[in-house]
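Chemist: Sequence below, structure please.
(chains A and B)
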Amino acid sequence: MRDGGSGRTRLLLIILIVTSLLLITLDLRGVSVLNGARSGTQTVLSPFQRAGNVVLTPIKNFFSDVTHLGRTRNQLEKLRADNAKLKAQLLYRKNADQELKQLKGILDLAGTAGYKVINARVISQGSSQSYSQTVTIDIGSNSGIKTNMTVLSQDGIAGVVKAVYSNTSLVMLASDPSFRIGVRIAGSQQIGILAGRGSRSGVLQLLDNQTTLKVGDVLLARGSVANRPFVPGVPVGYVTAVDNSAGQIAQSGSVRFYTDFEILGVVAIVVGASSTNPGDALVPAKPVPTPIPTVTVYATASPSPSTTK
Amino acid sequence: MSTRKVALSLAVLTIFFVIQESAMSQFRLPGGGFSIFLILVFVWSAISASEIALVIGFAAGFMLDLVQASDSPFGQWTLILILVCYLVSYVGFGDTNPLGVVFIVIAANFAAQVLFLASGALLGVQIGALGQILITLVGTSIWTLVFTPMVLPLFSKLHEFIFETRASL
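Modeler: Numbering: from 1, shown residues only, chains lettered A, B, ... in the order given. The predicted model follows:
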């Protein structure tokens, strides 16, 4: 450790602190020069992010497999039997299949509701040090993307377009702590506000104190004026726990989002919605339990050994 | 501190900033992962004089502010990194023990995140559930603890090359 530094160092410290405070003040007052700098940075970074996405996808899949080892143990054991060449091919094929599966899910969802969508690939995750949940996608204003458009995954809502650049866009995921969406419960049509919490679970606050919430209730987006930021009817999540605290005016509960934000590879941006509200048409089907085969064993008595001479 | 040294430092910072945003950001690691960019900034601050640490902190914070990932105002990271880098330099300058530098980097990373959360809360930025924040704080500290010793020799050599000091670790 040393002393507090020379007078010159202290002067530099004060100048830099004042400069940073000036930057904060300018930003809070909405000076557009700073937004231009951010936009320019994203434009410069986007080719690197695309390249990084292409080059690092096999490694990303490898880490994904490692972190989900419990779930993919059987698959990994099967892969071990393959030779190195097949393993490499499988990694690329697996990525393509996953994207295809996600894309098919998105198109099914959008087709049922009559949404006009543009598909996009996730090219970068948001900065972890900012405590925000964002991803960067590979299309922007050149493809007709605007801010506050709904972003879909194969399972439901993924987020909303927060910032648009020429060839990329920043998507705020539904798990972001500052994310808010008006929802209604499929069937009962109760309404509430769902907020992200930084993970796959969100918190729902009902607006009406006369209504009740049940575990398993499915939440759908209520929709916004002119369908921005949210188109109506998109599956959001389901209730996992209900808070019945006596001090609350209306019920609240925990919600698990349908979208798995960890594996987002392909998303779709809703650029046009049908004039009719899809209602509850997009409520996901409940998983059908896999029947456990009953094994019936017929035992027949073996003939008693005959005594032969 | 010559113009050449400042220019070379900014070039290295820019390279690692691009690596962080294009390569490291591809991975959503459990517990929030780590920032190779912040590790570089804190290692260099720990082995540099205060004036250099201040300039590094200002430049690094400005770069982080350019990445619009949260609702935090432009300048928030700049302010935080100026303060943290100055403190890191104040505490760590002259410490040639690699273990000491590693722990200074972890503490600085933790302090920067806590300052970011605290200042964000004061500025009205939504920061999420407490449990998730704690997981991220602990997770990033563990990742930093694991990763810093691996890159410390490289960052130390780069620093030695640019600043021609003998503070190699």
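Chemist: Next, the buried residues of the longest helix that chain B contains.
Modeler: Of all the segments of type helix in chain B, defined by DSSP state H, the longest one is helix B:130-163. Neighbour counts using 16 or more other CB atoms under 10 Å in any protein chain shown place B:132-133, B:135-137, B:139-141, B:143-144, B:147-148, B:151-152, B:155-156, B:158-159, B:162-163 of helix B:130-163 among the buried residues. All C-beta atoms are positioned from the backbone trio N, CA, C, and that covers glycine.
Chemist: Which neighbouring elements make contact with it?
Modeler: Helices and strands in packing contact with helix B:130-163 are listed as helix B:3-22, helix B:36-46, helix B:98-122; criterion 3 or more CB pairs under 8 Å, 6 or more residues apart in numbering or on different chains; DSSP states H and E.
Chemist: Now do that helix against helix B:98-122, angle only.
Modeler: Our comparison of helix B:130-163 with helix B:98-122, counting by axes from the mean of the first three to the mean of the last three CA atoms, to 10 degrees, yields an angle of 130 degrees.
Chemist: Could you give the separation of helix B:130-163 from the chain centroid?
Modeler: Here the centre of mass of C-alpha atoms in helix B:130-163, compared against the chain's by CA atoms, centre = their mean, to the nearest Å, lies 8 Å away.
Chemist: Quick check: mean pLDDT of it?
Modeler: Across helix B:130-163, pLDDT averages out at 90.
Chemist: any idea of the angle that helix forms with helix B:36-46?
Modeler: Taking the same axes, to 10 degrees, one finds that helix B:130-163 is oriented at 60 degrees with respect to helix B:36-46.
Chemist: how much does helix B:130-163 deviate in direction from helix B:3-22?
Modeler: Using the same axes, to 10 degrees, one finds that helix B:130-163 and helix B:3-22 are set 150 degrees apart in direction.
Chemist: ok so, going back, okay if I get the helices and strands packed on helix B:130-163 as CSV plus distance to chain A?
Modeler: Below are the helices and strands packed on helix B:130-163 laid out as CSV (distance: least, CB to the nearest CB, whole Å):
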stretch, distance to chain A
helix B:3-22, 4
helix B:36-46, 7
helix B:98-122, 7
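Chemist: Could you dump the ones you listed into a markdown table and include mean pLDDT?
Modeler: Conversion of the helices and strands packed on helix B:130-163 to a markdown table gives the following (pLDDT from 0 to 100):
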| stretch | mean pLDDT |
| --- | --- |
| helix B:3-22 | 89 |
| helix B:36-46 | 93 |
| helix B:98-122 | 91 |
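Chemist: Return the most buried member of those helices.
Modeler: Neighbour counts averaged per stretch over these are highest for helix B:36-46, at a mean of 27; criterion: mean count of other CB atoms under 10 Å in any protein chain shown.
Chemist: Now do that one: everything it contacts.
Modeler: Residues lying outside helix B:36-46 but in contact with it, judged by CB atoms under 8 Å, 6 or more residues apart in numbering or on different chains, are A:129, B:9, B:12-13, B:16-17, B:19-20, B:24, B:52-53, B:56-57, B:60, B:63-64, B:81, B:84-86, B:88-89, B:91-93, B:95, B:101, B:104-105, B:108-109, B:112, B:144, B:147-148, B:151-152, B:155-156, B:159.
Chemist: CA atoms only for that helix, dumped as CSV, please.
Modeler: This file holds the C-alpha atoms of helix B:36-46, laid out as CSV (Å, rounded to 0.1, in the frame of the first residue of the first chain):
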residue,chain,number,x,y,z
ILE,B,36,-12.0,-11.5,-18.9
PHE,B,37,-12.1,-7.8,-19.6
LEU,B,38,-12.6,-6.8,-16.0
ILE,B,39,-9.9,-9.2,-14.9
LEU,B,40,-7.5,-7.5,-17.2
VAL,B,41,-8.5,-4.1,-16.0
PHE,B,42,-8.1,-5.0,-12.3
VAL,B,43,-4.8,-6.9,-12.8
TRP,B,44,-3.3,-3.9,-14.6
SER,B,45,-4.6,-1.5,-12.0
ALA,B,46,-3.1,-3.6,-9.2
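Chemist: so what's residue 65 scoring on pLDDT?
Modeler: The chain I'm using is chain A. 64.
Chemist: looking at chain B here, not the other one
Modeler: We have a pLDDT of 89 for B:Asp65.
Chemist: Thanks a lot, catch you later.
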